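Student: Here's my sequence, what's the structure:
(one chain, ligands or ions: 1)
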Amino acid sequence: MNRSVITLANLSKDKILYLIKMSEEFERHPNRRILEGKIVATLFFEPSTRTRLSFETAANRLGARVIGFTDPKVTSSTKGETLHDTIKMVSNYADVIVMRHYLEGAAQYASEITEIPIINAGDGSNQHPSQTMLDLYSIYKTQGHLDNLHIYLVGDLKYGRTVHSLLMAMRHFNPTFHFIAPKELEMPEEYKIYCKNNQINFVEHTNFNEDIIADADILYMTRVQKERFTDLMEYERVKDSFILSNHMLRKAKDNLKILHPLPRLKEINMDVDSNPHAYYFEQAHNGVFARQALICDVLNISLEEIINDKTIIN
Ligand code: CP
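Tutor: Next comes the predicted model:
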């Protein structure tokens, strides 16, 4: 059985909660030797700071070794080697492949040509399941549960793979999503159909102000994805459509947390950073524990083994 993680949409509610428990266990004890002898390959065909470094931190803290590349220009893909052959080759060297690729479907394709597990670290505008795992963990940690939440998705809902991924993974938890995007970047029809087919409530707003977000439990801000635009004039027109400032949080619910997958540009003013509702830097930190859970799960290491693990260092 191939244990690849291409999307979280196919996971059961119990499996998601199980991975959250595993993340909690790793947050309690992140430094262990449970992956001693394993090799994790990180293949990044697109730039990354958080995803690559937190996967590598996750692997290193568990005693695995890491190989890989951060720029495809230094690989034989520049000589014309296909993704197919690159995956075949790396499968000879590593126990798990973490891959980010600019093509939608690339991770699924990779998982079909190798026996070793692939973890999708983002495929074009499609999915970003490890980001979603850390988002779910962050929501669970801050709200105490995942059920019946009002989640506001703001910014680039067309190209933002993190919002697509999160929307699909939340289907078991009766969320109400609120979509706030410029017309050009609204949530694609296929995801609205997904919501309808899965009884997920959603509301579309045209304004972004303190009254609109007063009911939010989670305010999930996103960057406009310049790299996905073919028309840069259009990017310039829409890039600063919705900006969150501190004064807009006056009516926020006590439990509101502001998330952002990062990197941020101007969509969250720096005056929000010290507001107690801001959670995006802690969210990124949670990525280490959520990714430790994903790596162990694809390597078939159970929560029970992790709880009984005798290799804890501190
Ligand atoms: N959130 C996220 O994917 O960040 P990076 O692009 O820096 O990995």
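
Student: quick one: buried residues of the worst-scoring helix or strand of the chain on mean pLDDT?
Tutor: Least confident helix or strand of the chain, by mean pLDDT, DSSP states H and E, is helix 232-238 with a mean of 92. Using 16 or more other CB atoms under 10 Å as the test for burial, helix 232-238 gives 235, 238. Every C-beta, even on glycine, is put in place using the N, C-alpha and C of the backbone.

Student: so what secondary structure elements neighbour it?
Tutor: Packed against helix 232-238, as judged by 3 or more CB pairs under 8 Å, 6 or more residues apart in numbering; DSSP states H and E, are no other helices or strands.

Student: Return the alpha-carbon coordinates of that helix using CSV.
Tutor: Extracted in CSV, the C-alpha atoms of helix 232-238 (Å, rounded to 0.1, in the frame of the first residue of the first chain):
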residue,chain,number,x,y,z
LEU,A,232,1.2,41.2,-14.3
MET,A,233,-1.0,44.3,-14.8
GLU,A,234,-3.8,42.3,-13.3
TYR,A,235,-1.6,41.3,-10.4
GLU,A,236,-0.8,45.0,-9.8
ARG,A,237,-4.5,45.8,-9.8
VAL,A,238,-5.6,43.3,-7.2
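
Student: so does the following helix or strand past it get close to the ligand?
Tutor: Using DSSP states H and E, the helix or strand that follows helix 232-238 towards the C-terminus is strand 257-259. No - Strand 257-259 stays clear of the ligand (CB under 6 Å from any ligand atom), getting no nearer than 10.6 Å.

Student: and what of stretch 289-301?
Tutor: No - against the ligand, stretch 289-301 shows no contacts by CB under 6 Å from any ligand atom, the least distance being 11.1 Å.

Student: which residues sit against the least confident helix or strand of the chain?
Tutor: Around helix 232-238, the neighbours that count as contacts under CB atoms under 8 Å, 6 or more residues apart in numbering are 182, 184-185, 224, 226, 229.
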